[in-house]
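K.L.:
No sequence on hand, only this structure:
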């Protein structure tokens with residue numbers, strides 16, 4: 001019995017020593033990991049968003065390490081988004097400076113010439129008309145800029161209602177027929193006679209179609225534009241197609257980006273905001289705006305909207 005007790009005491013002592021040694025090892029390892037966490041957080045605080053902390057399943061601090069890594073990753077994403085926004089804002093200010101200053105300088109030049117009496121008669125009237133057009137160009141650019149700013153903020157919202165799309169599209173095109181005829185552009189309006197119902201914001205839809213038509217008139221050098229409405233099984237497509245110069249392949253992936261302007265083959269006039277605004281409005285309504293083009297044959301912009309359930 002005494003021998004058994006001695007053996008038990010020896011075993012318990014050995015186990016206790018193992019537990020103590022293991023605990024010391026664990027505490028030492030966790031202490032090192034805590035030190036690594038502190039260093040990582042210090043690095044992140046100094047702007048290094050790529051810092052990560054190593055951890056293995058089963059470690060005491062693993063859940064904490066995983067959570068900290070997630071926080072660092074989210075921090076890195078926000079920093080990247082901020083840097084991208086900051087760069088886009090710099091581009092916006094550069095574009096704003098150029099696109100506003102140029103027509104404004106020209107406008108002032110024409111008005112100064114009229115004011116000084118440097119031009120008279122018919123030439124004076126031409127100067128006044130040119131100044132008026134420059135003023136309208138400037139207003140359109142500033143309006144587009146404000147529209148983009150509203151779209152990029154959380155304050156902008158759309159009012160989705162069930163709308164009869166065929167009739168709405170016809171009404172929009174009625175306003176454009178005189179403009180197309182004035183530009184000597186042939187047109188075709190292919191809209192079914194039956195009712196086509198869809199959920200959308202009427203003002204946003206009107207703005208999208210207006211922007212697409214204005215883009216074709218101003219930039220494509222087309223002499224024919226076709227507007228078509230097509231019903232498919234799960235979606236409705238509205239296309240605006242022209243037979244103009246088309247869009248270069250490298251421009252297709254960026255044409256909906258803010259401030260992006262295509263090559264010199266297409267018209268240079270414009271803010272670089274119209275298509276971007278149209279794309280964002282489509283997304284706000286749960287749709288999408290795409291483009292297909294062949295250089296020398298024209299371009300087709302397609303607004304796709306889901307069929308209401």
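P.N.:
Thanks, I have the structure now. In this text the structure is predicted, and so the values were computed from the model without any measurement.
K.L.:
contacts, neighbours, all on C-alpha from now
P.N.:
OK.
K.L.:
show me what contacts residue 175?
P.N.:
Contacts of residue 175 were listed using C-alpha atoms under 8 Å, 6 or more residues apart in numbering, and none were found.
K.L.:
try residue 231
P.N.:
196, 237.
K.L.:
Residue 304 versus that one, what's the distance?
P.N.:
Using C-alpha to C-alpha, to the nearest Å, residue 231 is found at 10 Å from residue 304.
K.L.:
what do those two both touch?
P.N.:
Contact criterion C-alpha under 8 Å, 6+ apart; residues bridging residue 231 and residue 304 by contacting each: residue 237.
K.L.:
Tell me how this structure divides into domains.
P.N.:
According to automatic domain parsing, the chain comprises the domains 2-79, 96-151, 161-306.
K.L.:
lowest confidence element among the helices and strands of this protein?
P.N.:
helix 2-45 (a mean of 56; mean pLDDT, DSSP states H and E).
K.L.:
which other residues reach stretch 288-300?
P.N.:
220, 222, 239-249, 252, 278-279, 282-283, 301-305.
K.L.:
List the buried residues of stretch 163-176.
P.N.:
Neighbour-count burial for stretch 163-176 flags 163, 164, 165, 166, 167, 169, 173 (criterion: 16 or more other C-alpha atoms under 10 Å).
K.L.:
Could you do stretch 113-132 as well?
P.N.:
Result for stretch 113-132 [16+ other C-alpha under 10 Å]: buried residues 114, 124, 127, 128, 130, 131.
K.L.:
quick check, nearest of those residues to residue 185?
P.N.:
The closest of the buried residues of stretch 113-132 to residue 185 turns out to be residue 130 (C-alpha to C-alpha; 23.5 Å).
K.L.:
Could you please name the strands whichever helix or strand residue 228 is part of pairs with and the direction of each pair?
P.N.:
Assigned by DSSP states H and E, residue 228 belongs to strand 224-231. Strand 224-231 pairs in its sheet with strand 186-190 (parallel), strand 235-242 (antiparallel), by DSSP bridges.
K.L.:
The contacts of stretch 288-300 in strands, which ones?
P.N.:
239, 240, 241, 242, 301, 302, 303, 304, 305 (DSSP state E).
K.L.:
I'd like to know which of those residues is nearest to residue 199.
P.N.:
Set against residue 199, the nearest of the ones in strands among the contacts of stretch 288-300 by C-alpha to C-alpha is residue 305 (8.4 Å).
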